[in-house]
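K.L.:
Return a 3D structure for these sequence lines:
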Amino acid sequence: MLNWFGDPIGRLESCSDVAAFAETLRSKPVHKSVTGLLISADYHVCSEVLKSPNWRTRPEANNVFEKLYLGSIADSEKVDPFLDSIISKDGTEHTRIRKLIQPAFTHRVMQSWKSSAEKIAQELVANIPRNTEIDFVEALANPLPLAMICEILGVPLADRDKFTTWGRTLAIIGLDLPRTTQESRELENASEELTTYISRLLSERKLNPQEDLLSVLANAEYEGDKLTDREIVATASFLLIAGFETTVNLLSVGTLVLLENREQLRRVEANHDLVPNLVEEALRVVTPVQYTARTADSNLELSDGTKVRRGQSIVLVLTGANRDSDLFERPDSFDVSRENARKNIAFGYGAHHCIGAQLARLEAETLWSELLQRFPNVTDWQLVGPVTQRAGKTIRGLEHMPMRFGDREAVAK
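P.N.:
A predicted model of the protein is given here:
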């Protein structure tokens, strides 16, 4: 309904292309909805809000419209993968949990994950038949991050299909917020099934520790403090979204963007050293999580002069921020050599920078590097059917992408 009046929140809700919608906000850094919500696609405003300690991740729904777009928070004895995890903690509570989970993301651990990603990617790519049509999402984009996150959590191979279903429901309905009673039930069921599963796995790890994330979190300690079971289960559950769903969509949409920009694909073919920067440019252009929200914890004023009252929320259109011409020259162009591509805020900024960011980066770098090695003639990389978009707006992704990689006999040495 708000869309009929040209309201920015209404237009965001109804648009099919968030990047195109963001361009309509360029007239000024911050716009205000009749709901009371603020909205911005300005890089400097988005970065300012994300790194400021004066903005909380938990919203305050002050009226019926804000409840619709921000959701309502209800206390429950059940573990909530969103509200009980680090992503929804602020201030000292956030700092405390971050310090406790940091040992699970050390450089040594990341190197171990890199080795696992390389092994999995090699196996997946080796199984692609030459000159044969495949569904890129089903064959590569989905199984790599799924195998990685399950290995990291210590999930048995037989149970991994469940994680695909849970992750998709939490990402699509959970981040977009349920709009119907049926969606609410689906979200509640997926959340309860996932957290119950993780709780049982945690209990097993307490008795028989393994070299996995749950075992590390169960034994994490900082200055005598430890994580509660609720915090461990919620954080591990949220990692399914942070380390799985966003990566699936980075890989699928990122590959699609490469196929649509053949000159850039040929540049990477000629120089594999460009792959790390390709990942950053893909993050900038794709921006898997397209927007997020923050709520002011006090009356304040943004750098552009916008006055914000305590409890007022702002929607940050990350897709638009990553295409802001004030920072990125020719922002709508995909350039694998872009010098400042790493300034993208696809994974957020500041204290709430995504804990799964490095994992997503190394998986994308590993898969694209392996594909270039196995199928070095990128002229043969072709779409062979219609691409199907994934449902959901907060996270941008693909459901199906039929393609062919060509002949893999001439493997690069």
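
K.L.:
which stretches of the stretch 301-413 of the chain have low pLDDT?
P.N.:
Within the stretch 301-413 of the chain, the segments meeting pLDDT under 70 span 408-413.

K.L.:
meant to ask about the chain, not that
P.N.:
For the chain, applying pLDDT under 70 flags the ranges 1-5, 59-76, 408-413.

K.L.:
now the strands for it?
P.N.:
Counting by DSSP state E, the chain forms strands over residues 31-32, 38-40, 55-56, 134-135, 221-222, 225-226, 291-296, 300-301, 307-308, 313-317, 382-383, 388-389, 398-400, 402-404, given from the N-terminal end onward.

K.L.:
So what are the sheet partners of the fifth one and their directions?
P.N.:
Yep, that's strand 221-222 we're talking about. Sheet neighbours of strand 221-222, with direction, are listed as strand 225-226 (antiparallel) (DSSP bridges).

K.L.:
quick one: the strand it pairs with to chain centroid distance?
P.N.:
Averaging C-alpha coordinates over strand 225-226 and over its chain gives two centres that are 28 Å apart (CA atoms, centre = their mean, to the nearest Å).

K.L.:
Other residues contacting it?
P.N.:
Residues external to strand 225-226 that are found in contact with it (CB atoms under 8 Å, 6 or more residues apart in numbering): 96, 100, 220. The C-beta positions use only the backbone N, C-alpha and C, and glycine is treated the same way.

K.L.:
ok, now how distant is residue 146 from residue 223?
P.N.:
The spacing between residue 146 and residue 223, counted by CB to CB, to the nearest Å, is 36 Å.

K.L.:
Could you save the contacts of strand 225-226 as JSON lines and add columns showing distance to residue 271?
P.N.:
Converted to JSON lines, the contacts of strand 225-226 look like this (distance: CB to CB, whole Å):
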{"residue": "96", "distance to residue 271": "44"}
{"residue": "100", "distance to residue 271": "41"}
{"residue": "220", "distance to residue 271": "41"}
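
K.L.:
Output those residues in TSV, with distance to residue 305 and neighbour count appended to each entry.
P.N.:
Below are these laid out as TSV (distance: CB to CB, whole Å; neighbours: other CB atoms under 10 Å):
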residue	distance to residue 305	neighbour count
96	35	17
100	39	21
220	43	19
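
K.L.:
List just the nearest of those to residue 13.
P.N.:
Comparing the contacts of strand 225-226 against residue 13 with CB to CB picks out residue 96 as the nearest, at 35.5 Å.

K.L.:
which one is that closest one nearest to, not counting chain neighbours?
P.N.:
Distances taken as CB to CB, 6 or more residues apart in numbering put residue 225 closest to residue 96, at 6.6 Å, once the chain neighbours are dropped.

K.L.:
Give me the neighbour count for that neighbour.
P.N.:
For residue 225, the neighbour count with other CB atoms under 10 Å is 11.

K.L.:
same question, residue 274
P.N.:
Applying the criterion other CB under 10 Å, we find 18 residues in the vicinity of residue 274.

K.L.:
Equivalent analysis for residue 371, please.
P.N.:
For residue 371, the neighbour count with other CB under 10 Å is 22.
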